[in-house]
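>>> Return atomic coordinates for the entry below.
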Amino acid sequence: MSSTAPRSYSAAHFGLELDGVKQVGIFRSIEGGGVKTQVLTYDHGGGQEKWRQIGKPSFDDIKLQVGMSMSEPFAAWIEDFTKGKHERRTGAILAADFYYKERARREFKGAMIKELNFPKLEGQDKNAVYMGVNLCVEDIHFKKGSGSRLDAVTGDGTHKDIQQKLWTACNFRFELSGFNTRRVSKIDPFTIKMQVIEHHMGGQLSPIKMPSKVEFPNIAFYVPEIDSLQFKNHFTNKNKLSVKNAEREPAKLHGVLTALDQQHRELFDLSFTGADIVSVTPDKADATTEEIKLVKVELFTEAMEFKYKKV
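Numbering: from 1, shown residues only. Below is the predicted model of the structure:
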């Protein structure tokens, strides 16, 4: 006898819907978006049994690994996040079968960008890299899929071909005002994040999530030791104090990190301002290695701005 139960499907075909627009970009992975709750236990003195009940629900963050073939609305959402504009979105995580037919969906409300994770970049690494985008949500519902085909669709329902723009770890350009950074060989991963404030109130199980200030990280990059003297001199002169002048000058450095594709076309710019050097650290000297001696330079930043490029 043949089974009439619905067939299982793989996890390889999925998509994201934002404000009614399906397939807002090409994603490597989507995880999270689960629902959980705490168990409340009540002990009473009249017996050994324990009474338990379900507490308030909480919703896991949605974590995306995003390629550079994102749609313009999604890129604009990221740009607004770095500017301190926290726009809320409704949407759904779509799961499809082998034939790209939608089989299940997790609808969410009140989504805000919580973190942007930039990967490690290195001149000798030719692997593809992706940007991590973490979303916090206020509500999630699990629903059956509509059965429609999972294609790239614009807001008016017309199909749109999205050309994959591959971003590799070795294709980048780093610029810092007043310094020669042409031979920067590596940049450590860093994260732009925002702390989410939860507001609980009576008559509602789940809290309202409110945005706070965006925190911008330090940037650590590596240059050959022969190019490091300019950074050492700047750091030494900037931190000299005298009796007559006991105040340091404010941060004035600015720069930009640019990601490139295989044809060296610009994919995005991440500009930063209000920066200055906080440390200059030479690599360990080892007689058994034949690698080029590098120096790690670390900057603090006051502000960053993401700008997506149309290719």
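
>>> From now on I want contacts and neighbour counts done on CA atoms only, so please keep to that.
Fine.

>>> Now the residue lying closest to G255 once chain neighbours are set aside, what are its backbone angles?
Closest residue to G255 apart from its sequence neighbours, by Cα to Cα, 6 or more residues apart in numbering: L176 at 4.3 Å. Note on L176: its backbone torsions stand at phi -130, psi 130 [degrees, to the nearest 10].

>>> which residues sit in contact with K213?
The contact partners of K213, by Cα atoms under 8 Å, 6 or more residues apart in numbering, come to 84, 194-195.

>>> ditto for G84
By Cα under 8 Å, 6+ apart, the neighbours of G84 are 213-214.

>>> tell me the secondary structure for it?
Secondary structure, DSSP: H, G, I helix; E, B strand; the rest coil: G84 is coil.

>>> how much space between it and T301?
Distance of G84 to T301, computed by Cα to Cα, to the nearest Å: 15 Å.

>>> partners of E102 in the sheet?
Assessed by DSSP bridges, E102 has beta-bridge partners A96.

>>> For K144, see how far away it is.
Here E102 is placed at a distance of 9 Å from K144 (Cα to Cα).

>>> neighbour-wise, which of those two wins?
Neighbour comparison, E102 and K144: the larger count goes to E102, with 22 against 12 (by other Cα atoms under 10 Å).

>>> My guess is that one contacts A95. True?
Yes - taking Cα atoms under 8 Å as the definition, E102 is a contact partner of A95 at 5.8 Å.

>>> Identify the contacts common to those two.
Joint contacts of E102 and A95 (Cα under 8 Å, 6+ apart) are G145.

>>> Let me see the ranges of the helices in the stretch 151-300 of the chain.
In the stretch 151-300 of the chain, the helices defined using DSSP state H, counting those that start in this stretch lie at 229-238.

>>> Show the residue spans covered by the strands in the stretch 101-250 of the chain.
102-118, 121-122, 131-136, 139-144, 172-176, 186-187, 190-194, 197-199, 208-210, 214-215, 219-224 (DSSP state E, counting those that start in this stretch).

>>> Deepest-packed of the ones you listed, please.
strand 186-187 (a mean of 23; mean count of other Cα atoms under 10 Å).

>>> mind listing what it pairs with, with the direction of each?
Checking strand 186-187 against DSSP bridges gives partners strand 121-122 (antiparallel), strand 219-224 (antiparallel).

>>> What ranges in the stretch 101-250 of the chain fall below the confidence cut-off?
For the stretch 101-250 of the chain, applying pLDDT under 70 flags the ranges 151-164, 238-250.

>>> Check the chain for me, the residue farthest from its geometric middle.
Distance from the centre of the chain peaks at G46, with 52.5 Å (Cα atoms, centre = their mean).
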